[in-house]
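Participant: Below are the sequence and a predicted model; questions follow.
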Amino acid sequence: MSLRKKPTITAKRVAASQANGRRSRGPSTAQRREKIRAALLRHGFDVQAEEIAMRALGEDPVHFQELLEGLWAEHHPVGASREGLVIRLARATWLTNRADRMQEGYAVRQAQEVNNGRGDRLHARMMRLKMTEDRLRRLVQSVAHEHYVTPVADLEKMKNLHQEGELKEMGEIALALFYELQAPGTGKDGLDPMESARRMVEQAKEIFGIGTTAQLAPQANATPDSIEAQESQHDADGREEEEDKRYPNISAREWDVRERARQLLENILTRQAESCEDQRKALRKDSLKGPSPYERAAEIAPTHPNARLMRRMQDSNFREVRRVTNLLLKIKRQAREK
């Protein structure tokens with residue numbers, strides 16, 4: 001409940017309000033316009049130059065004239081000082097509105113630029129996620145073998161994925177596990193001197209045809225599927241036997257310890273690949289649905305270097321409007337008291 005007593009509305013008060021309204025917001029006349037134009041000249045404003053400047057800025061001088069006439073009718077300036085204050089109030093109000101248009105214009109321009117490139121950015125993002133997912137799937141296939149030892153190629157792939165930043169914290173854990181699963185004695189660079197020498201020997205044998213044997217022909221009654229299964233199992237068994245022979249200094253107990261790290265690494269890579277696929281599907285839905293109002297608001301947030309300067313201009317003009325208005329009201333109140 002308000003403690004302030006409301007004034008009683010009487011017929012005399014209504015009539016006075018109507019009379020004041022007719023005097024303050026009366027129709028604009030040619031005589032008043034001529035008086036305003038003369039006041040502008042007295043206070044050093046070139047009307048024609050002002051109109052040219054406004055039209056160059058895409059503004060309509062007629063609107064400024066209407067604003068000035070409205071303020072003139074509201075304050076009824078008498079004397080040069082009051083006329084100058086009303087003109088100053090009109091200009092400050094106009095500059096405040098111009099500052100608003102400047103900020104809105106920058107927002108519109110920024111929104112248009114964002115809209116033009118939104119589709120390309122989403123498409124590029126989905127392509128990066130797809131490429132990351134494919135590389136993770138290939139790493140999963142490589143890590144899935146028992147007695148896995150990190151080769152240089154897998155380590156380089158993981159380094160590149162980690163540098164791209166798609167995997168974030170999990171990328172650091174996966175990279176650490178790849179280092180842990182390297183061959184004993186391998187340095188941080190991922191190079192094993194004994195492994196490099198062995199590969200050079202194998203390449204030399206292939207070049208000169210030393211130690212190569214012809215492959216056995218498949219059985220006549222064997223089906224293609226059974227042949228592929230046998231070859232796959234044979235490759236896996238051969239790989240394990242080869243790795244056991246290649247790293248004789250790794251005991252069975254150590255292989256068990258490495259197996260736990262290998263399974264953890266496989267799970268991490270699999271989960272990250274699934275996460276990339278989920279993100280790609282979500283982006284596809286977002287591209288079809290379009291941005292939300294909150295996303296549009298974030299996209300047009302002022303990031304240009306003049307944003308703070310324009311805000312200061314707007315605040316300065318608004319303070320000027322407040323000061324001039326208060327001064328006019330104070331002068332009017334003093335005139336009534338006299």
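Facilitator: Done, it's in. Residues are numbered from 1 along each chain as shown.

Participant: Walk me through the domains of this protein.
Facilitator: With domains defined by automatic domain parsing, the chain comprises 21-112+304-337, 120-207+249-299.

Participant: Any chance of TSV for those domains, columns distance to Thr10 and mean neighbour count?
Facilitator: All C-beta spots, glycine's among them, are computed from the backbone N, C-alpha and C. Output for those, formatted as TSV (distance: least, C-beta to C-beta, whole Å; neighbours: other C-beta atoms under 10 Å):
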stretch	distance to Thr10	mean neighbour count
domain 21-112+304-337	17	14
domain 120-207+249-299	49	15
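
Participant: all helices of the protein, in order?
Facilitator: Assigned by DSSP state H, the helices in the chain fall at 11-24, 30-42, 47-56, 61-75, 80-143, 152-164, 169-180, 193-208, 224-246, 252-289, 293-299, 307-337.

Participant: Which neighbouring elements make contact with the fourth one?
Facilitator: The helices and strands touching helix 61-75, judged by 3 or more C-beta pairs under 8 Å, 6 or more residues apart in numbering; DSSP states H and E, are helix 30-42, helix 47-56, helix 80-143.

Participant: Dump the domains of the chain into CSV; add mean pLDDT as well.
Facilitator: Listed next are the domains of the chain as CSV, based on pLDDT from 0 to 100:
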stretch, mean pLDDT
domain 21-112+304-337, 82
domain 120-207+249-299, 82
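
Participant: Reformat these as a markdown table; add distance to Lys12.
Facilitator: Formatted as a markdown table, these follow (distance: least, C-beta to C-beta, whole Å):
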| stretch | distance to Lys12 |
| --- | --- |
| domain 21-112+304-337 | 15 |
| domain 120-207+249-299 | 52 |
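
Participant: quick one on the thing from earlier: output the helices of the chain in JSON lines, with distance to Thr186 appended to each entry.
Facilitator: Compiled in JSON lines, these are given as follows (distance: least, C-beta to C-beta, whole Å):
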{"stretch": "helix 11-24", "distance to Thr186": "90"}
{"stretch": "helix 30-42", "distance to Thr186": "86"}
{"stretch": "helix 47-56", "distance to Thr186": "72"}
{"stretch": "helix 61-75", "distance to Thr186": "77"}
{"stretch": "helix 80-143", "distance to Thr186": "16"}
{"stretch": "helix 152-164", "distance to Thr186": "9"}
{"stretch": "helix 169-180", "distance to Thr186": "8"}
{"stretch": "helix 193-208", "distance to Thr186": "8"}
{"stretch": "helix 224-246", "distance to Thr186": "13"}
{"stretch": "helix 252-289", "distance to Thr186": "13"}
{"stretch": "helix 293-299", "distance to Thr186": "47"}
{"stretch": "helix 307-337", "distance to Thr186": "53"}
